[in-house]
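Peer 1: Could you work out the structure for the sequence below:
(one chain, ligands or ions: 1)
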Amino acid sequence: MKIGILNGPNLNLLGQREPEIYGAEGFEAYLKSLKDRFPQYEFRYFQSNDEGALVEELQQMAKDCKGIVFNPAAFTHTSLALADAAKGVDCPIIEVHISNVYQREGFRHKSYISPAAKGVITGLGLKGYELAIQALVD
Ligand code: DQA
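Peer 2: Numbering: from 1, shown residues only. Below is the predicted model of the structure:
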């Protein structure tokens, strides 16, 4: 069983970017620990700062994977193209945010992706990704 993990813009900077909000761990290191934790599953991981590349990958991932953990980052709050892609694919998506977007600026309270997601996890740090995977495989 293959699980997709799709990360949006600036998440390549995890570990250095606003560590008081996003923590000190980089995603590559966390991904390694995820693979150790779920050795029975295969992972397809993709990160991009480019909206079109994320649309393309979401479409391909949905064909290849049983479920997708998606952190659209800032595109959460702006992207109709990713919202349409998320609605258009036939694959469960769990939306994850590392920070609690509801404790932050008002513009982060709106998600274009949530209506297409099976569930949303926000504010639990990187642990949100493993909780989302657990939910998908359950
Ligand atoms: C984020 C929250 C977004 O508002 C922000 O733009 C991000 C990361 C999170 O994981 O907490 O880049 O999706």
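
Peer 1: residues touching residue 65, list them.
Peer 2: For residue 65, the contacting residues are 2-4, 44, 91, by C-beta atoms under 8 Å, 6 or more residues apart in numbering. In short, each C-beta sits where N, CA and C put it, glycine included.

Peer 1: Quick one, which of those are buried?
Peer 2: 3-4, 91 (16 or more other C-beta atoms under 10 Å).

Peer 1: so of those, which ones are in strands?
Peer 2: Cross-referencing the buried ones among the contacts of residue 65 against strands under DSSP state E gives 3-4.

Peer 1: Nearest to the ligand among the buried ones among the contacts of residue 65?
Peer 2: Distance to the ligand, by C-beta to the nearest ligand atom, is smallest for residue 4 among these, at 16.6 Å.

Peer 1: quick one, what contacts that closest one?
Peer 2: 43-46, 61-62, 64-65, 67-70, 91.

Peer 1: Contacts made by the longest helix seen in the chain with the rest, please.
Peer 2: The single longest helix within the chain, with elements called by DSSP state H, is helix 51-64. For helix 51-64, the external contacting residues (C-beta under 8 Å, 6+ apart) are 2, 4, 6, 8, 44, 46, 48, 68, 70, 72, 75, 79, 81-82, 85-86, 88-91.

Peer 1: from those, which are also near the ligand?
Peer 2: Contacts with the ligand are made by none of these, judged by C-beta under 6 Å from any ligand atom.

Peer 1: Throw together a PyMOL command that grabs the buried residues out of those.
Peer 2: Restricted to buried positions by 16+ other C-beta under 10 Å, the PyMOL selection for the contacts of helix 51-64 reads:
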select buried, resi 4+6+8+48+68+70+72+75+79+82+85+86+89+91
